[in-house]
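1. generate a structure from the sequence data that follows.
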Amino acid sequence: MEKFQSYFEFYVKSSIHVALMVLCMYQISIIELKLSSSIELRLFVFLGTLFAYNFVKYNYLFFNSFEGQKLVPKGIFILSCLSLIFSVYLFFSLNLLEMSITIIASFLLFLYIIPFYNKKYNLRTIEGLKIHIVASCWTLVTLILPLINTIDFFSSSTWVLIIQRYLWIILAILPFEIFDSQMDSEELLTIPQFLGVSKTKLLGIFLSLIIVFISFLGSSNFWFAYLLMAILYVYFLCSTSIDQSPYRNLFWVEAIPFLGWLSLYLY
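-> Coordinates of the predicted model:
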């Protein structure tokens, strides 16, 4: 049992789980919009996300020595380096439009982590901006990237899709925002810090209704997947608390896109 727990801990903490869920959101776009995608692009999304998340969470591993580090962070560092190497290799198999979206998302990630202005600030420390940077990156990778070769930015339906995906990701982040609200610096001014926990939950319910409504209007064949995910997000959002197990969000909330993708795949 202890061995299984150590494997599970590594699976979650190494961002394999969240990278798979980002890939599921990418696959939902492919199925819903009837797009084609190469195995190289799917691998790039998975490996690039894995490295990006680990770089955000464990950037100290990339700038400090291993001395005194536990076995798990060392394993995460090795996995992250391998992911980076293969991601760079796969990057050059993308076309110019796909490369441009990747570069924009990477630039946002860079500004999210690396301090600027006398090394005191980055985008993450700017009041209220943290959640929007994450939502922007996820929207770029899971929707704009697979759609970039056929997208019409002058079409209103395109912007409705972008808004829906953006709101979906905001909704997915809210349970984490509530759980972290007591630990986050007040300078971040996260949504729960600004609205309070109760109003944040009401906001999540409102967002879920918008997401399902947009899906029902845009593609009645796939609205059930969004309804399923919305119900699950609202359940976890309304029942989340600051004293729960961190794995409740890190595993179960993160797994919701998998259930959405599975329902579309089996449809």
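
2. contacts for the helix or strand encompassing S83, please.
-> Using DSSP states H and E, S83 sits in helix 71-91. With CB atoms under 8 Å, 6 or more residues apart in numbering as the test, helix 71-91 has contacts from 9-10, 13-16, 40-41, 43-44, 47-48, 50-51, 54-55, 58, 61-62, 66, 99, 102. (Each C-beta comes from the backbone N, C-alpha and C, glycine too.)

3. recalculate using a threshold of 10 Å.
-> For helix 71-91, contacts defined as CB atoms under 10 Å, 6 or more residues apart in numbering pick out 6, 9-10, 13-16, 19, 38-55, 57-58, 60-62, 66, 69-70, 98-99, 102-103, 106.

4. what does stretch 239-255 give?
-> Residues from elsewhere that reach stretch 239-255 (CB under 10 Å, 6+ apart): 8-9, 11-13, 15, 17-22, 24, 172-183, 192, 197, 200-201, 204, 232-233, 235-237.

5. from these, keep the buried residues only.
-> 12-13, 15, 17-22, 24, 172-181, 192, 197, 200-201, 204, 232-233, 236-237 (16 or more other CB atoms under 10 Å).

6. got the domain boundaries for the protein?
-> Residue ranges for the domains of the chain, per automatic domain parsing: 1-131, 152-267.

7. ranking the ones you listed by mean pLDDT, which is last?
-> Ranked by mean pLDDT, these bottom out at domain 1-131, which scores a mean of 84.

8. next one: that domain to chain centre, how far?
-> Distance of domain 1-131 from the chain centroid (CA atoms, centre = their mean, to the nearest Å) equals 9 Å.

9. let's see which of the contacts of helix 71-91 end up in strands.
-> Applying DSSP state E to the contacts of helix 71-91, no entry is found in strands.

10. and those residues, which are buried?
-> Among the contacts of helix 71-91, those classed as buried by 16+ other CB under 10 Å are 13-16, 19, 41-55, 57-58, 61, 98, 102, 106.

11. residues in contact with the residue nearest the centre of the chain?
-> Residue closest to the mean C-alpha point of the chain, counted by CA atoms, centre = their mean, is W138 at 5.1 Å. Contacts of W138 were listed using CB under 10 Å, 6+ apart, and they are 21-22, 25-26, 49, 105, 165-166, 168-170, 172-173.

12. and what of L232?
-> Contacts for L232 (CB under 10 Å, 6+ apart) come out as 208, 252-253, 255-256, 259-260.

13. which one of the residues you listed is nearest F92?
-> Closest to F92 out of those is G260 (31.2 Å), distances taken as CB to CB.
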